[in-house]
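Chemist: using only what follows, build the 3D model:
(one chain, ligands or ions: 1)
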Amino acid sequence: MSNNRQHVVPLDLEKLPMTAELDGSTALVTGATSGIGRAIALRLAGLGASVVVHGRDQQRGAETVNEVAAAGGNARFVAADLSKSEEVLRLAAEAGEVDVLINNAGIYRFASTPETTAEMFDTHMAINSRAPMLLVGALAPGMATRGHGAIVSLSTGAATTPVRGAAAYGASKASLELLTRVWADEFGAQGVRVNAVASGPVYTPGTEEMGDETLQEIGRTTVLGRVARPEEIAEAVLFLASSRASYITGTVLQAHGGQLAIG
Ligand SMILES: NC(=O)c1ccc[n+]([C@@H]2O[C@H](COP(=O)([O-])OP(=O)(O)OC[C@H]3O[C@@H](n4cnc5c(N)ncnc54)[C@H](OP(=O)(O)O)[C@@H]3O)[C@@H](O)[C@H]2O)c1
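Modeler: Residues are numbered from 1 along each chain as shown. Got it, this is the predicted structure:
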């Protein structure tokens with residue numbers, strides 16, 4: 001009888017680092033100039049990763065980099081417009097070898113289907129789905145060659161539960177969730193784990209535009225009855241990016257505050 005156990009990667013729990021567990025690694029966080037992405041960048045840097053902070057806005061990029069530095073971490077800013085494929089590829093080249101890729105940058109514009117223009121639909125697909133596709137295509141082969149890597153993408157409950165007015169947004173994130181499972185299969189045997197976090201409503205500069213009352217109304221539809229802080233979603237992302245999730249791949253972690261349980 002063959003011994004299947006020989007194929008199991010040994011995991012010595014006592015040797016799992018409890019602090020600075022990402023020391024020596026490099027992480028690229030897209031959309032780290034704001035909201036959830038900024039919180040993720042700060043936490044990754046706090047765990048020892050050298051962080052490539054991405055966004056478009058130079059000033060907010062510098063703010064994130066300075067915040068990381070003030071906390072004793074290491075970060076640099078790379079600007080790129082993810083709606084343009086050549087800029088996505090330049091970002092991947094400038095990021096260099098990364099061990100952790102967080103596909104966080106995203107847009108969410110709400111409109112009924114008749115009001116959704118081709119441009120609006122295409123922009124959602126380009127930023128929320130095509131950009132992660134190109135980044136994974138450019139960066140995951142290197143992770144695979146080095147034998148390790150973690151990719152986490154930001155999704156939403158609107159990817160699986162129809163939300164009125166969120167056709168283009170929901171479709172772009174549903175595509176991202178499908179891609180997550182495809183990439184998990186494609187790179188898993190070479191030690192690269194790929195997961196997503198489907199977030200519920202979060203207080204961020206992006207959702208500020210909705211108005212506080214609308215956002216809180218959405219928060220009240222969750223089981224926990226409130227809107228999340230960016231740090232709470234960052235924690236779920238951190239878990240999936242870290243070795244604590246070493247046997248988890250191809251999943252979408254629901255960080256909804258229980259929204260689906262009563263949906
Ligand atoms: N907030 C929520 O309630 C919520 C719920 C579910 C899922 N999510 C997902 O979580 C992610 C982050 O959301 P958030 O609310 O923190 O976002 P946010 O505050 O609106 O910030 C968006 C980030 O994405 C970047 N970005 C937007 N368009 C870009 C483009 N064309 N090229 C490059 N970067 C671009 C922005 O960079 P610049 O500002 O520098 O241009 C910014 O850093 C998104 O993927 C979103 O869909 C959010």
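Chemist: check the stretch 151-263 of the chain for the residue nearest the ligand and tell me.
Modeler: residue 206 (2.1 Å; CB to the nearest ligand atom). Every C-beta, even on glycine, is put in place using the N, C-alpha and C of the backbone.
Chemist: helices of the stretch 101-250 of the chain, start to end?
Modeler: Using DSSP state H, counting those that start in this stretch, the helices found in the stretch 101-250 of the chain span residues 118-125, 131-146, 167-188, 205-208, 212-220, 230-241.
Chemist: buried residues, the fourth one. List them.
Modeler: Read it as helix 205-208. Under the neighbour-count criterion of 16 or more other CB atoms under 10 Å, helix 205-208 has 206, 207 buried.
Chemist: same check, this time on stretch 108-125
Modeler: 108, 116, 120, 121, 123, 124, 125.
Chemist: please work out which of the helices of the stretch 101-250 of the chain is packed deepest.
Modeler: Highest mean neighbour count among the helices of the stretch 101-250 of the chain (mean count of other CB atoms under 10 Å): helix 230-241, with a mean of 22.
Chemist: wait, what's in contact with residue 145?
Modeler: residue 190 (CB atoms under 8 Å, 6 or more residues apart in numbering).
Chemist: now it: how far from residue 112?
Modeler: As judged by CB to CB, to the nearest Å, residue 145 and residue 112 stand 46 Å apart.
Chemist: ok, residue 161 next?
Modeler: Relative to residue 112, and taking CB to CB, residue 161 is found at 17 Å.
Chemist: near the ligand, which residues of the stretch 151-263 of the chain show up?
Modeler: Counting by CB under 6 Å from any ligand atom, the residues of the stretch 151-263 of the chain close to the ligand are 154, 156, 199, 201, 202, 204, 205, 206, 207.
Chemist: so which of the buried residues of stretch 108-125 reach the ligand?
Modeler: Within the buried residues of stretch 108-125, those near the ligand by CB under 6 Å from any ligand atom are residue 108.
Chemist: closest to residue 165 out of the buried residues of stretch 108-125?
Modeler: The closest of the buried residues of stretch 108-125 to residue 165 turns out to be residue 116 (CB to CB; 9.2 Å).
Chemist: got the helices of the stretch 101-250 of the chain as CSV, with mean pLDDT columns?
Modeler: Listed next are these as CSV, based on pLDDT from 0 to 100:
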stretch, mean pLDDT
helix 118-125, 98
helix 131-146, 98
helix 167-188, 98
helix 205-208, 97
helix 212-220, 95
helix 230-241, 98
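Chemist: and these: which comes nearest residue 60?
Modeler: helix 205-208 (8.7 Å).
Chemist: tell me which residues of stretch 79-98 come out buried.
Modeler: 79-83, 87-92, 95, 98.
Chemist: no, scratch that, I was asking about stretch 64-79
Modeler: 64, 65, 67, 68, 73, 75, 77, 78, 79.
Chemist: residues in contact with the fifth one?
Modeler: Residues touching residue 73, when contacts are defined by CB under 8 Å, 6+ apart, comprise 42, 45, 46, 51.
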